[in-house]
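Chemist: Task: produce atomic coordinates for the following.
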Amino acid sequence: MYTGKKLGEAIKSAIELKGVRKADVARAFAIKPPSVTSWIQTGRVDKAHIDKLVSYFADVVTPEHFGIGSFESNEILFNGYKVPLLSWIDAVKHSDLDTLAAISNFWVPTLRKPGVQTFALEVKGDSMEPEFTAGDRIIVEPQQPVVHGCFVIVRENNAEAMFKQYINDGSYHYLKPLNNRYPIIKMSEHFQICGVVVEKFKIYI
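Modeler: Alright, predicted model coming up:
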């Protein structure tokens, strides 16, 4: 990844390409506007913001713009596809890509061509460890068929969505956390599967 003046210039040009203000960037990152100015002037960005920096500007630049690898030169790793990163509350309200884009400030690269309803989520908590850890970005496909053993995003009534493994045992259906410290949940008619997790994306700096 670029550092110093080169990174500052990359951030400045990405802001201009996206057509947003420094205040908009600061709000999206939950930081103060002077911090964004400091990014541009010094090229110093906290590592905790790097992956969000990539996803926030993914609609106008590739990770290579910030000196992070060369994803675009290798179609196996990166092919230009990206999906909006939603909150766990918005995940249950999805309809189409245009609607999702309107409620998302961040984008996540994906290996496959997404459907019109495909979206990404950021894993919270430790219930799906060790396969999925907090901060991992997962790609969710609402139109993917649900089969035994797949990972799903599901909600009960109007509650916030949750992430579990789907288990089909004859006429019974369960939601299983991979971390055995958490209980298995028996599904009822009150549960609705919002989509199947088809991919995980993570950047290591």
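Chemist: can you give me the mean pLDDT across the lengthiest helix in the chain?
Modeler: In the chain, assigned by DSSP state H, the helix with the most residues is helix 4-18. Confidence over helix 4-18 (mean pLDDT, whole number) is 93.
Chemist: Name the next helix or strand downstream of the helix or strand of the chain with the lowest mean pLDDT, please.
Modeler: Every helix and strand in the chain was compared by mean pLDDT, DSSP states H and E; the lowest is helix 97-102, with a mean of 58. Later in the chain than helix 97-102, the nearest helix or strand by DSSP states H and E is strand 106-109.
Chemist: Given that following strand, what are its sheet partners and their directions?
Modeler: strand 82-85 (antiparallel) (DSSP bridges).
Chemist: Please state the offset of the partner strand from the chain centre?
Modeler: When C-alpha coordinates are averaged (C-alpha atoms, centre = their mean, to the nearest Å), strand 82-85 and its chain have centres 6 Å apart.
Chemist: Only C-alpha atoms, please: export it in PDB.
Modeler: Taking Å, rounded to 0.1, in the frame of the first residue of the first chain, the C-alpha atoms of strand 82-85 are listed here in PDB:
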ATOM      1  CA  LYS A  82     -18.700  -5.300  -6.300                       C
ATOM      2  CA  VAL A  83     -21.700  -5.300  -4.000                       C
ATOM      3  CA  PRO A  84     -23.000  -2.800  -1.400                       C
ATOM      4  CA  LEU A  85     -22.100  -3.400   2.300                       C
END
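Chemist: Just give me the longest strand of the protein.
Modeler: Assignment by DSSP state E gives strand 191-201 as the longest strand of the chain.
Chemist: so what secondary structure elements neighbour that strand?
Modeler: Packing partners of strand 191-201 (3 or more C-beta pairs under 8 Å, 6 or more residues apart in numbering; DSSP states H and E): strand 137-141, strand 151-156. In this view, the C-beta of every residue, glycine as well, is placed from N, C-alpha and C.
Chemist: so the longest one versus strand 137-141, what angle?
Modeler: Meaning strand 151-156. Counting by axes from the mean of the first three to the mean of the last three C-alpha atoms, to 10 degrees, strand 151-156 lies at 80 degrees to strand 137-141.
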